[in-house]
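> Return atomic coordinates for the entry below.
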Amino acid sequence: MNYTLIAQAAETASKPSVVVPPPPTFPTGAQISSFFYTFGASIVVVFVLYILLFYLLRSFLRRTEKDTALFILGILQIPAIAIFILASLKLSLTQLGSGGIINLIDRGLTAFLILGFTYGITLLFTEAAVYYLKDYARKTEAVWDDVLIPLLQNFIPVITYLIGISLFFSTIGVDLTGIGLAIGSITVVLGLAVKDILSDFFSGLVLLVDTPFRFGDVISMPDGSIAIIKHIGIRVTKLYLINEHCEVYTPNTTLGGQNIVNLSRPTTHYAYTIQVSVRVDADAVVATNILQQIILGHPDTLGDIDEKLQHLDNFAALTEAKDDKLSKKEAGRLRLLIEKDVNTQLQKIEQAFEDFVREVKKVEKGGLNSEELKILQKNYLEIMNIVGLVVITERKGKRLRSRLEEQEPTEKQTLIGLIRQWYQTWLKDPDLVIEDQHLLPDEWEQKIELMKIKLNKLFQKIASPGVDETRLDDYSLKFVEWLHDSFKESNTAWKEPQVQLTDIQGSAMQFSVRFYVDNIQLEHWRRGNRVQNEVRREMVRRLRQAYIYTLG
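Predicted coordinates for the structure are as follows:
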């Protein structure tokens, strides 16, 4: 055995091995030429795509009625150009081979591509998705979506940018393990420090789930003050105090733990009670009639419309005509006349649905065949003609899809046409303020949209009932209930003025007069106070005329 060779091999193995890096390679002239050729061709393709997307396609989309795609194209124009150019550079770089500086540049381009996509996705969400989600939220009765969407608008971009920046640094080779552990430790500490804030946050979520109020609702505070719900935040709810003209920020935990009296629900009608004294030797029946006529004569109180029109001219001290504005009496008369037509149309629809439900109950036993479904669809569409909706059928690929849309132009004698005519006449009320010019149309257009959505859902169930064929009557009755409770009452007989003789003391009889004001949200939430004051003054005037008023 050669011990010398063995010793030399052992000595060599004991020495640390040294890796000799390969000599740097440089692109050849052919590779550089190929790079510029590929990059130039890519730029030409990018230019053609730019012309196709942002000029030709935009011109085509402008001719359509829907602007969703046009809006998305507009907001994605800058990020799309940046992504196209970066992708062209990355594609062209493959022509220069790999290794060394080429790999470093390639990672850099990938990282900036990630940032470009992150910016584009954030824009798409904050500018497009949130806009259409807010539009959808305005058409729903739920409160949670009105608050959740602004929260998403604030948090989603932060989360998107955090993910994008993390991927950016990971791509260029930065190790984020230590940073992640540090952030986790900080999160635990912060969670313990801000437990009260978290309690307010989850209390706010509970308020959204329970939905005891909507934005703009009038609520009564525990101390008796009247406040308006302005905003539900992450930690606090912003309230506007009407009488003090100031804002109050109440922690969600505090608000959620107290009784909330919502004066705007189930409707914006609100009851007021006035105590009035009449001479003890007066005829109680005559006094009762006078007080009832006073309430009915005010255009902003609820009651039988025919009786209101009869007594309207006898109500004094209402706003007179000024400049180009109508007098209160004339504006009130026009509004009441149209409201009478609205109520008549609502009663027709309610009666038509009652007949429809009876028809459904007759034929639903044992299931519905095609002939019975056609009859039900025909009867349903006749009701929709009263509402002001017609069937629109469109081809989607190989399928025909039908939906209910408003008649063009909307006939004034349909429910939708009358509702619009009614609130537009209401806007001529000289006592309304500037804010009401937006509040009334927004309120009623939202209700119209909700009604269209509900009627479309019912239409789809009638067209293709499936497992719901024995429940069409229930769905129809549920819609009529919503129409009466949340849209508009066709009959408010139980809200008519109530005059009661409550007590007799010495030389005076005490009467309690209870009446409803039509919408307490108007006139900067002071409509009820104004009506109450005008009614009191009219009581004094009319009772003195009859020589039966007493100070009590």
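
> quick one: the strands in this protein?
Using DSSP state E, the strands of the chain run over residues 218-220, 226-232, 236-241, 246-251, 261-262, 270-279, 389-396, 399-406, 498-505, 508-517.

> which other helices and strands contact the biggest helix by length in the chain?
Secondary structure assigned by DSSP state H gives helix 328-363 as the longest helix of the chain. When contacts are defined as 3 or more C-beta pairs under 8 Å, 6 or more residues apart in numbering; DSSP states H and E, helix 328-363 sits against helix 305-311, helix 370-387, helix 415-426, helix 472-482. The C-beta positions use only the backbone N, C-alpha and C, and glycine is treated the same way.

> okay if I get those helices as CSV plus distance to K488 and mean neighbour count?
Supplementary listing: the helices and strands packed on helix 328-363 in CSV, determined by distance: least, C-beta to C-beta, whole Å; neighbours: other C-beta atoms under 10 Å:
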stretch, distance to K488, mean neighbour count
helix 305-311, 13, 16
helix 370-387, 13, 15
helix 415-426, 8, 21
helix 472-482, 11, 16
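
> before we move on, the earlier item: how about the strands of the chain, which one is nearest G528?
Proximity to G528 (C-beta to C-beta) singles out strand 508-517 among the strands of the chain, at 4.5 Å.

> so for the closest one, what's the average pLDDT?
Per-residue pLDDT over strand 508-517 has a mean of 95.

> Check which residues of it are buried.
Residues of strand 508-517 classed as buried under the neighbour-count rule (16 or more other C-beta atoms under 10 Å) are A508, M509, F511, V513, F515, Y516, V517.

> Closest one of these to I386?
Y516 (27.5 Å).

> what's across from the closest one in the sheet?
Note on Y516: beta-bridge partners by DSSP bridges are A271.

> Would you enumerate the residues in contact with it?
Residues near Y516 by C-beta atoms under 8 Å, 6 or more residues apart in numbering: H269, Y270, A271, Y272, T301, L302, T492, K495.

> correct me, but the second one touches V517?
Same thing as Y270. Yes - Y270 lies in contact with V517 (C-beta atoms under 8 Å); the separation is 5.5 Å.

> Can you give me the end-to-end span of stretch 288-306?
End-to-end distance for stretch 288-306, by C-alpha to C-alpha, to the nearest Å: 19 Å.

> residues near P79, how many?
19 (other C-beta atoms under 10 Å).

> For it, give me its contacts.
With C-beta under 8 Å, 6+ apart, P79 has these contacts: G116, F117, Y119, G120, L123.

> how about the contacts of Y516, which pair is most distant?
Y272 and T492 (15.3 Å).

> Looking at L381 now. What's its pLDDT?
94.

> For it, which non-adjacent residue is spatially closest?
V391 (6.4 Å; C-beta to C-beta, 6 or more residues apart in numbering).

> Kindly report the same for G506.
Once flanking residues are discounted, G506 sits nearest to V280: 7.3 Å by C-beta to C-beta, 6+ apart.

> now V45
V45 sits nearest to S88 (C-beta to C-beta, 6+ apart), 7.6 Å away.

> and that neighbour, how many residues sit next to it?
By the criterion of other C-beta under 10 Å, S88 has 20 neighbours.

> give me every residue that touches it.
S88 is in contact with F39, S42, I43, V45, V46, counting by C-beta under 8 Å, 6+ apart.

> Could you tell me which of these count as buried?
F39, S42, V46.

> pretty sure the first one is touching A87, no?
Right, F39. No - in this structure, F39 is not within contact of A87 by C-beta under 8 Å, at 11.2 Å.

> which residue packs closest to Q77, ignoring adjacent ones?
F54 (5.8 Å).

> any chance of the strands of the chain in a markdown table, with distance to E372 too?
Listed next are the strands of the chain as a markdown table, based on distance: least, C-beta to C-beta, whole Å:
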| stretch | distance to E372 |
| --- | --- |
| strand 218-220 | 48 |
| strand 226-232 | 47 |
| strand 236-241 | 51 |
| strand 246-251 | 56 |
| strand 261-262 | 44 |
| strand 270-279 | 46 |
| strand 389-396 | 19 |
| strand 399-406 | 19 |
| strand 498-505 | 48 |
| strand 508-517 | 44 |
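
> Please identify which of those is closest to L73.
strand 389-396 (22.6 Å).

> Paired strands for that closest one, with orientation please.
Checking strand 389-396 against DSSP bridges gives partners strand 399-406 (antiparallel).

> so what pLDDT did the closest residue to T393 other than its chain neighbours get?
Closest residue to T393 apart from its sequence neighbours, by C-beta to C-beta, 6+ apart: S402 at 4.6 Å. pLDDT, S402: 86.

> My guess is S402 contacts S464. True?
No - with contact defined as C-beta under 8 Å, S402 does not count as touching S464 (10.2 Å).

> who has more neighbours, the two?
The neighbour comparison of S402 against S464 (other C-beta under 10 Å) goes to S402, with 14 against 10.

> so who does that one touch?
V391, I392, T393, E394, F459, A463.

> Go through those and name the one nearest Q413.
Q413 lies nearest to V391 out of the contacts of S402, by C-beta to C-beta, at 19.4 Å.

> List the residues that contact that closest one.
Per C-beta under 8 Å, 6+ apart, neighbours of V391: L381, M384, S402, R403, L404, F459.

> Tell me how far the fifth one lies from K447.
Spatial separation of L404 from K447 under the definition C-beta to C-beta, to the nearest Å is 16 Å.

> Between these two, which is the more surrounded one?
Using other C-beta under 10 Å as the criterion, L404 and K447 rank with L404 on top: 21 against 18.

> Could you give the bridge partners of the more buried one?
V391.

> what sits opposite the closest residue in space to D503 that isn't next to it in sequence in the beta ladder?
Nearest residue to D503, sequence neighbours excluded (C-beta to C-beta, 6+ apart): Q510, at 4.1 Å. Applying DSSP bridges to Q510 gives these bridge partners: S277, D503.

> State whether Q510 and Q275 are indeed in contact, as I suppose.
Yes - using C-beta under 8 Å, Q510 makes contact with Q275 at a distance of 6.4 Å.

> Find residues that contact each of these two.
T502.

> Poorly predicted segments of the stretch 251-400 of the chain, please.
Low-confidence segments of the stretch 251-400 of the chain (pLDDT under 70): 256-257, 366, 396-398.

> One more pass at 90, please.
251-268, 317-325, 360-374, 392-400 (pLDDT under 90).

> same check, this time on the stretch 451-552 of the chain
In the stretch 451-552 of the chain, residues with pLDDT under 90: 461-474, 485-486, 489-494, 505-507, 524-525, 550-552.

> again, 70 this time
In the stretch 451-552 of the chain (pLDDT under 70), the answer is 552.

> And for H438, the neighbour number?
The burial count for H438: 10, using other C-beta under 10 Å.

> Quick check: it vs N529, distance?
22 Å.

> swap in E354?
For E354 relative to N529 (C-beta to C-beta), the value is 40 Å.

> Which one's more surrounded, these two?
N529 (16 against 13).
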